[in-house]
Every structure is written in C-alpha cells, then in structure tokens.
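>>> test case, fold it:
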Amino acid sequence: MDFSITSFHSITKALKQATAVIVDHKVAELYKNKLDFSEALLLHASEEEKTTKHLHYIYNYLLKRNVTREDIVLGIGGGITTDLSGYATATFKRGCKLELVPTTLLAMADAAIGSKTGINFAGIKNLIGAFYPARKIYINPAFLDTLPEENMLEGWAEIIKSSLISGGKLFHKLKSCPEPVDILSEIINIKSTICQADLYDKTSRRQLNLGHTFAHVIESVSDFKIRHGLAVAMGLRIAAKAARQMEMISEEYFLEIHQLMDLYNMPILPPQNSELMKAIRERGQTALEQDKKNVGSAITLVLPEGKCKVAIISGFSSAEVIRLMTSG
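Numbers count the residues shown, from 1 in each chain. All right, here's what the predicted structure looks like:
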C-alpha cells in the first residue's frame, strides 16, 4: 500500500490512468470544476444503500467499461464509497487493481486505510466483505474544506480512538486541537503500521476495534440513523466506563478521556430511558451475536487498560455486553 498526501493535480493523473471510476455523487457535484467525472459511476452513498443492490450496479458498470484484472478501479468518496468500491473491485474477476481517494476525515484517518472492504447485509454492518489492500491511496486535505461539521466529528472520533491505543503522544497532541492536515500523516502511520503487522485481523490489529463492538450495536439498532463515527464516539465512552468499572484504568484517566471527547464535541450517552437504550436492550443481542470478532458464542471486547493502551478480552456473553452498554 502506497499512501501519499497529495494534490488535485495528482488525482487528475490518477483519473486518467483508471479504467473505471466510482465516485460519491456529492463529491462529483462539489468538485466537477476541478476533476473530470464524465465517465465515472456516481453512487448515492449511504449505509442503507451499502448493499448487494449497489454492488450489482457497480459490477454492471465494470462490465461496460471492459475492466480486466490488470486495470485500475479508482474509488473516490467517504468510507461507504471506499468500502463498497473496494469490495466490488476485490470480487470482480477475482480482483482488479484498486486505488482510493478518501474525501472525508473518517475515510482519510480510518476507512480507506487498512484494506477492509465490505457491504451491509441483513441489517448488520459489513457482514460481507474482504481484506483487499489498495495499491495507492491519495490523501488530499483540501477535500475537508467542504465537509459538513457532523462529518468532521466522525473523523475526529476515529482519531481520538487511535490516540487511546498509540502510547500517549497523539493523545496529548490532541489536547491542543491541531488542524487535521498537521496530524494526518501520523494517524495514517499509526493505523497502517498496525494493519500491516496483522493484515487479516487475527491478533494485534484487533486493538483498532476499541469502541467498535458497542458502536456496531448502536448503528444496527438505530437502523443506521446514527452515523458510524458518532456511534464510535459513544462506543468509546462505553468502553471507558466499562474499563473503569473493571478497574482497568484510573479515575483520573477515565476523566481525561471524557474531557478530550468533550473538547471535540463528541456525543454523550443518552439517558437510560431513551429510545436508543430501549432499542439496545430489546435488539442489541441479535446484532452482537453476528459480530465478526466473536469466538464461538463469546464476545470479544477491546477496552482501555492503563494510559493510552488497550486490552483485547474474550469471553463476554451478549447479555453482559448489553448490561455494560445500558448500565448507569
């Protein structure tokens, strides 16, 4: 995988070299005067559309473009677009050459990095997918200039997550509220180093799932009305709460985590009598039991352990996890 902080000029060259281009329609509209999307397939990217229906839509486009295994497929957009275009590329003719242009902070910091691709199925996030590293990933921070605030929050949630597993340097840097462009290379290096050491998510890479088991439940029971990054933020707060209850972290560090999240306006957990908490109690176990990280019927959680370190712990029942999510 080749990652680079780049410009619109480099992306223009990538567009010319690609045989097929898959782009989020919002990106195409915003940047039609800078980039040529005249032969691209436009996607209406949403969790509801991240399904086999859109996958077949992409396959038909790749057929029309006469894409071979030696051709480049370029995916341009946020995490949904990179996941969907990545999985289509991985499975079309058993794999073509994939390149990505992430256009959201979430995609730049997380979704496009690390080779995971996938689609949702039966209401479960990324139930179907593949590990398929992109040959090149073009990171252009200029895309962030048009990104709505809620989308920026999603990216910051994943960046905060990375800071909680990376030894402390980034955690303290975030307290000064740096600009994304000043830390993107560091974020990418943290994630790519972890992923390259465990490409297929069997051992050490699982630490990147901090907050995500809880987040996937939140997304599923909300029918994806709660966006991924915001669900991750809630999941991080739940993980900190669980770790504190289990005496894995100090009260001081527990408060530091919440203070950092408050600094970035991350969502707080709703009251116990809220509709979300009721939905978690009623439907959360079904989502948990399909979690890809499970070992048999046991749930694996990633929780803070000490400062800016995490532990990967197996053996939780789905009922125990729901209690952790919904307890006061």
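>>> who touches the host helix or strand of F3?
According to DSSP states H and E, F3 maps onto strand 2-5. Strand 2-5 is contacted by residues 10, 113, 135-141, 181, 184-185, 188, 192 when judged by CB atoms under 8 Å, 6 or more residues apart in numbering. The way it works is simple: take the backbone N, C-alpha and C, and place the C-beta from them, glycine included.
>>> got the buried residues for that strand?
Residues of strand 2-5 classed as buried: F3 (neighbour count, 16 or more other CB atoms under 10 Å).
>>> one step back: out of the contacts of strand 2-5, who's the most crowded?
For those, the largest neighbour count, defined by other CB atoms under 10 Å, is 28 neighbours, found at I113.
>>> who touches that one in this structure?
F3, I137, I188, K191, S192, C195.
>>> over to the closest residue to it other than its chain neighbours. Which of the three states is it?
Spatial nearest neighbour of I113, excluding adjacent residues (CB to CB, 6 or more residues apart in numbering): K191 at 4.8 Å. Following DSSP: H, G, I helix; E, B strand; the rest coil, K191 is assigned to helix.
>>> mind giving me the domain ranges of this structure?
Taking automatic domain parsing as the reference, the chain has its domains at 2-146, 153-179+198-326.
>>> name the nearest residue to the residue most central in space within the chain, sequence neighbours excluded.
In the chain, the centroid-proximal residue (CA atoms, centre = their mean) is A111; its distance is 4.0 Å. Closest residue to A111 apart from its sequence neighbours, by CB to CB, 6+ apart: G79 at 3.0 Å.
>>> tell me where the protein has helices.
Along the chain, counting by DSSP state H, helices occupy 8-17, 25-30, 52-64, 79-91, 105-106, 149-163, 169-174, 180-197, 212-221, 228-245, 251-263, 275-288, 318-326.
>>> of the ones you listed, which approaches L42 most closely?
Checking the helices of the chain against L42 by CB to CB gives helix 25-30 as the closest, at 4.2 Å.
>>> how about the closest one: buried residues?
Going by neighbour count (16+ other CB under 10 Å), the buried part of helix 25-30 is H25, K26, V27, A28, L30.
>>> quick one: the third one and G77 touch, right?
Yes - using CB atoms under 8 Å, V27 and G77 qualify as a contacting pair, with a distance of 5.4 Å.
>>> who touches both of the two?
T103.
>>> residues near the closest residue to P102 other than its chain neighbours, how many?
Leaving aside its sequence neighbours, P102 sits nearest to A112 (CB to CB, 6+ apart; 3.9 Å). When neighbours are counted by other CB under 10 Å, A112 registers 31.
>>> same check on the one 10 residues further on?
Neighbour count of A122, defined by other CB under 10 Å: 9.
>>> and it, what does it touch?
Shown in contact with A122 (CB under 8 Å, 6+ apart): Q290.
>>> tell me the pLDDT at it?
As predicted, A122 sits at a pLDDT of 85.
>>> got phi/psi on it?
Backbone dihedrals for A122, given as degrees, to the nearest 10, come out at phi 60, psi 30.
>>> what distance do you get for it to G129?
14 Å (CB to CB, to the nearest Å).
>>> so which of the buried residues of helix 25-30 would you say is closest to Y200?
Comparing those against Y200 with CB to CB places V27 closest, at 30.2 Å.
>>> contact partners for that closest one?
When contacts are counted by CB under 8 Å, 6+ apart, V27 touches I76, G77, T103, F143.
>>> so what's the residue count around the residue lying closest to the second one once chain neighbours are set aside?
So that's G77. Leaving aside its sequence neighbours, G77 sits nearest to D24 (CB to CB, 6+ apart; 3.2 Å). Residues near D24, counting by other CB under 10 Å, number 25.
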